[in-house]
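[1] make a model of this:
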Amino acid sequence: MFETLQSMPADAILGLIGEHRDDPRPEKIDLGVGVYRNAAGITPILSSVKKAERRLVDSQASKAYIGTAGEPTFNAAMQRLTFGDSVDGDRLVTIQAPGGSGSLRVAAGLLLRARDSVSVWIGEPTWANHVPLLGGAGLELKSLPYYDTKRHVIEVDAMLDSMQAAPKGDVVLLHACCHNPSGFDPTADEWHAIMDVVVERELLPFVDMAYMGFARSIDDDSFVIRELAPRVPEMVVANSCSKNFGLYRDRVGSLSFLGADTQTRDIVSSQVNSYVRTLYSLPPDHGAAVVSMILNDSELHAEWVTELDEMRVRLQAMRRLLNDALIEKTPDNDFSHLMRTNGMFCFLGITADKVQRLKKEFGVYMVDSSRINLAGITEDNVGYLSDSIAAVL
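    Numbers count the residues shown, from 1 in each chain. Presented below is the predicted three-dimensional model:
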């Protein structure tokens, strides 16, 4: 049986993790792995999460199955957090899923249950795992212009032209905020232009929101969802709690479907629960129970918002710190695009050969596209980092 299998190449990000771990140089810097880190270079457990976990341990009386849809209080809280009061809740169904990746995979499966052949327009570039997750499920992926890596701008006109040419009923994948990997988000006016085409062409918006709270605020980062939901009959939203709750290894996500009416919502609910049963049967409970406790407790909720604000402010500060250092160390090069990005990621804007030199000569790790995680920057290492970049330029 297995003699027919061929070895698969290592994932680029996971490969970098191993290389960085095995590098003996004390000054090494990891800008590749997609996790938040604090000023000490640690991915912390949030204080609000710790408190919720202690309460959960003391209060939870059973580890019995929770059902295919997951924890109901978690689902209700995530739906409220995402949509606010923008649309009638009778048209919405939200389920718990194993992380943002699980949400995307379940959504792909349900789209293919609804229609034998589904085309999804995906921005170029996009998160590396979008393609294997959605394409591997059987969806037909079509390229949508998004980011110009040389001019460091969103290709709004080209994006709109491609969407105008998309057949009615096609799906368009949108990043709600903190676009991964570019960090460039549309302005409010650009979002409205995109939404107008979605409505006009009767496209199905499939919104991936992995970084709620990392751009401006929880409410502001849900802008496209809350603005578009009242204007369309159907919508799909995949949420992740990995970044904004720091629950990476606990795999906490939610998946919401907006239907044209209550009857459609109920049908979708039955179908998605049936599909989950055949895929992983039941989602993990612990992380979702923690999130539910935080979102439904005013004290914990307020503490979580404060911690989320602190993470966002730190990322903004590291962005400014790197930009200022590069202005000083490489005055002939323009890195001002860094200041126009949101969230953890952006492209540094250097060639793959220079990325390799940074790794080999200086122990600075990033993927070949030069996408960097700003959370890997600290006040202690930014001088070495900017010196290293200046050296390869």
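[2] how about residue 87, phi and psi?
    Torsion angles at residue 87 (phi, psi; degrees, to the nearest 10) stand at phi -150, psi 150.
[3] so that it lines up with my notes, have the first residue be 647 from now on.
    Got it, the first residue is 647 from now on, which makes the last one we talked about residue 733.
[4] spit out the contact partners of it.
    875-876, 904 (C-beta atoms under 8 Å, 6 or more residues apart in numbering). Bear in mind the C-beta positions are built from the backbone N, C-alpha and C, glycine included.
[5] of the residues you listed, buried ones?
    875, 904 (16 or more other C-beta atoms under 10 Å).
[6] return the member of the contacts of residue 733 nearest to residue 968.
    Residue 968 lies nearest to residue 875 out of the contacts of residue 733, by C-beta to C-beta, at 36.3 Å.
[7] inside strands: which ones of the contacts of residue 733?
    residue 904 (DSSP state E).
[8] which of the contacts of residue 733 sits closest to residue 945?
    residue 875 (29.8 Å).
[9] so for that closest one, what's the pLDDT?
    pLDDT for residue 875: 98.
[10] for the contacts of residue 733, give me JSON lines that also has distance to residue 973.
    Shown next, in JSON lines, are the contacts of residue 733 (distance: C-beta to C-beta, whole Å):
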{"residue": "875", "distance to residue 973": "42"}
{"residue": "876", "distance to residue 973": "44"}
{"residue": "904", "distance to residue 973": "45"}
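[11] so how far is the longest helix anywhere in the chain off the chain centroid?
    Scanning the chain for the longest helix, with DSSP state H as the assignment, gives helix 944-975. Distance, stretch centre to chain centre, for helix 944-975: 17 Å (C-alpha atoms, centre = their mean, to the nearest Å).
[12] for it, packing partners?
    Applying 3 or more C-beta pairs under 8 Å, 6 or more residues apart in numbering; DSSP states H and E, one finds that helix 944-975 makes contact with helix 693-705, helix 932-941, helix 1028-1038.
[13] just the contacts of residue 733 now: which is nearest residue 704?
    Closest approach to residue 704 among the contacts of residue 733 (C-beta to C-beta): residue 904, at 37.2 Å.
[14] quick one, phi/psi of the closest residue to residue 679 other than its chain neighbours?
    The shortest distance from residue 679 to any non-neighbouring residue, by C-beta to C-beta, 6 or more residues apart in numbering, is to residue 663 (5.4 Å). Main-chain torsions, residue 663, degrees, to the nearest 10: phi -60, psi -50.
[15] I'd guessed residue 663 sits against residue 678; true?
    Yes. Under the criterion of C-beta atoms under 8 Å, residue 663 makes contact with residue 678 at 7.3 Å.
[16] comparing the two, which residue is more hemmed in?
    residue 678 (23 against 15; other C-beta atoms under 10 Å).
[17] show me the contacts for the more buried one.
    Residues in contact with residue 678 (C-beta under 8 Å, 6+ apart) are 659, 662-663, 666, 1011-1013, 1018-1019, 1022.
[18] between those residues, which has the most around it?
    residue 1018 (29 neighbours).
[19] note down every partner strand of the host helix or strand of it and its orientation.
    Assigned by DSSP states H and E, residue 1018 belongs to strand 1017-1019. Its sheet considered, strand 1017-1019 pairs with strand 991-993 (antiparallel) by DSSP bridges.
[20] list of residues touching the partner strand?
    680, 795, 798, 824-830, 965, 983-984, 1015-1020.
[21] so how do I select the buried members of these in PyMOL?
    One line in PyMOL is enough to select the buried ones among these; burial here means 16+ other C-beta under 10 Å:
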select buried, resi 680+798+824+825+826+827+828+829+830+965+983+984+1015+1016+1017+1018+1019+1020
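[22] so which of the contacts of residue 678 belong to strands?
    1011, 1018-1019.
[23] show me which of the contacts of residue 733 is closest to residue 712.
    residue 904 (23.8 Å).
[24] go ahead and confirm the closest one touches residue 877.
    No. The criterion here is C-beta under 8 Å, and residue 904 misses it with residue 877 at 10.8 Å.
[25] contacts only, for residue 915.
    Counted by C-beta under 8 Å, 6+ apart, residue 915 has contacts 715, 739, 903.
[26] want to throw the residues you listed into a markdown table with pLDDT and distance to residue 881?
    A markdown table is the format used below for those (pLDDT from 0 to 100; distance: C-beta to C-beta, whole Å):
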| residue | pLDDT | distance to residue 881 |
| --- | --- | --- |
| 715 | 97 | 18 |
| 739 | 98 | 12 |
| 903 | 98 | 7 |
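[27] would you reformat the residues you listed as TSV and include neighbour count?
    Compiled in TSV, the contacts of residue 915 are given as follows (neighbours: other C-beta atoms under 10 Å):
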residue	neighbour count
715	20
739	24
903	21
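[28] before we move on, what's the pLDDT of the residue most central in space within the chain?
    By C-alpha atoms, centre = their mean, the mean C-alpha position of the chain lies nearest to residue 856, the distance being 2.7 Å. Residue 856 carries a pLDDT score of 97 in this model.
[29] ok so residue 790 is a strand residue?
    Yes. Assessed by DSSP: H, G, I helix; E, B strand; the rest coil, residue 790 belongs to a strand.
[30] that one: how many residues sit nearby?
    21.
[31] what bridges to it?
    Assigned bridge partners for residue 790, using DSSP bridges, are residue 769.
[32] ok, it touching residue 808?
    Yes. At 5.2 Å, residue 790 and residue 808 qualify as touching, with contact defined as C-beta under 8 Å.
[33] between these two, which contacts overlap?
    Common neighbours of residue 790 and residue 808, using C-beta under 8 Å, 6+ apart, are residue 767.
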